Every structure is written in C-alpha cells, then in structure tokens.
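Q: need coordinates for the below:
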Amino acid sequence: MGTACLRFVLQAVDPALGCPILEAQFSLETIEPLVAIFGDEVGDVLNGAIWELDASDLERLSAVVGFVFPRQFGEVRLVEWSTLRAVPYLIHTEFELALMLEGRKPFAAFGDAYPSDCFEAWMALFDPFVEEGRFVRRIIDQPFPSPKRNASGETVEGIRSVYFALRGEEWRIEAWIETWKTAALSGWNEALERRQGELLGYTEWQRDLWAANRWDVLSRRR
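A: The predicted model follows:
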C-alpha cells in the first residue's frame, strides 16, 4: 500500500455555537472509497465543500475509516484537512461566536452574497447576544446593479457584510472598514495584514508567525 495522500476530518458541530466541538482525522490514498459510498458529488469536498452526514452515512463510513464517530454531540460533517490546521494556534474561523462569548475575541467580520438562508442562519446564532447588549452588530449591503446567479444557480442581489464587536470594542468595526478602504487604494501589504489580525483579536506573536509564514501555509494544499 502506498503512502496516504488525502486527509479528511469528521466534525461534530455544536448547534448553539456553530463550531466543531469534536473532531477525528483520517487518511485515504484516493477519494474513491468516499465516492463509492456517497457518489461523485463528495469529490466537491476537495474543493472546500462541507458534506453533512446522517446515521446511515456514518455507518457506511465507519467500515472505511475503522472507527465509529459519535452523533450525540451535534450535526456531523466531513471536510478536507487544511494546511491552516498546521498553524500552532487556533484559527478563529468557525469559532468566532464561542471565542467572543469567552471574551477571547473582540471582533468578527463575515460576508456573503444575499439572500442566503445558510448565511442568515449562521448570523442568527449571534442574535441573542446582540439583543442582550453583549455584542454590537453592523450590517452593510452592497447591491449589484442587477441580480446575478451564483455557482449554485441561485439568484443573489448583492454582497452583505456583517460585523460583530464586544460591547466597548465597537471602534474595531470602523477600523476594519477603513483598513479595506486603504487596501483598495494602495493594495494589500504586510502592515494591513498585521492590522487585520490585530483587529480580529490575534496576539502579537500570532501575527508575527502569520506574517512570516502566511504564503507558505496558504500555498500548500495538503
């Protein structure tokens, strides 16, 4: 048998926080065992898609990976392993709400085409904390001149940016917007990259490490 070259991660997702709370990694030599179980569309996982699994899916997958992944913790999904996992600190993506509730993250920024039921459902997880006054929210819509169709064939009307900040950290919203305005005029650079990380709540050593290794991390697929 040759060396396994594809790595995947099974995740159990907390329904209240929208982030993984349990994970298991496995490796395969090719995607074919997954195609045999789920069909050709599972190949989209290699392009960043998330594959949601039900009890039947997990039962069939266990025969391939050699272990049974629990379902009692929340929705289970399959994703490809990313080189971002090699970074020696937690990348905030998907963990924004949990980190903000812990006070470890002062600000989060999101964006997607609208309307989008999936995106709105994700943003709705923050609603109770906005209503309580723990978070400040700002929404900015940028409509297209005319509706467009996305890659899935759905009609979208524009781009929606949603910003959340801890109460008392609202200044980060405007600072974030100004950072992108500067980038539009001067182009992206390391100073803006570091500023972005600072606004998002990454520590100085984390920003230093990212600045030194960012392009290497992002260029390695697996």
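Q: going by C-alpha atoms from here, please, whenever you check contacts or count neighbours.
A: Noted.
Q: for the worst-scoring helix or strand of the chain on mean pLDDT, packing partners?
A: Here the helix or strand of the chain ranked lowest by mean pLDDT, DSSP states H and E is helix 204-219, holding a mean of 82. Contact here means 3 or more Cα pairs under 8 Å, 6 or more residues apart in numbering; DSSP states H and E; on that basis helix 204-219 packs against helix 190-200.
Q: and residue 9, its phi and psi?
A: Backbone torsions for residue 9, taken as degrees, to the nearest 10, come to phi -130, psi 130.
Q: quickly list what it is bridged to.
A: Residues in a beta bridge with residue 9, per DSSP bridges, are residue 25, residue 79.
Q: what sits against it?
A: The contact partners of residue 9, by Cα atoms under 8 Å, 6 or more residues apart in numbering, come to 23, 24, 25, 26, 78, 79, 80, 81.
Q: and what about residue 77, helix, strand or coil?
A: strand (DSSP: H, G, I helix; E, B strand; the rest coil).
Q: distance of the closest residue in space to it that isn't next to it in sequence relative to residue 211?
A: Nearest residue to residue 77 in three dimensions, chain neighbours excluded: residue 52, at 4.2 Å (Cα to Cα, 6 or more residues apart in numbering). The gap separating residue 52 from residue 211 is 34 Å, by Cα to Cα, to the nearest Å.
Q: and the strands in this protein?
A: 6-13, 20-28, 51-53, 75-80, 107-114, 135-149, 155-166 (DSSP state E).
Q: with mean pLDDT added, can I get these in a markdown table?
A: Output for the strands of the chain, formatted as a markdown table (pLDDT from 0 to 100):
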| stretch | mean pLDDT |
| --- | --- |
| strand 6-13 | 96 |
| strand 20-28 | 95 |
| strand 51-53 | 94 |
| strand 75-80 | 95 |
| strand 107-114 | 97 |
| strand 135-149 | 96 |
| strand 155-166 | 97 |
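Q: indicate which one of those strands is closest to residue 38.
A: strand 51-53 (9.5 Å; Cα to Cα).
Q: direction included, what does the closest one pair against?
A: Using DSSP bridges, strand 51-53 pairs in its sheet with strand 75-80 (antiparallel).
Q: the inter-axis angle of the partner strand versus strand 20-28?
A: Strand 75-80 runs at 40 degrees relative to strand 20-28, counting by axes from the mean of the first three to the mean of the last three Cα atoms, to 10 degrees.
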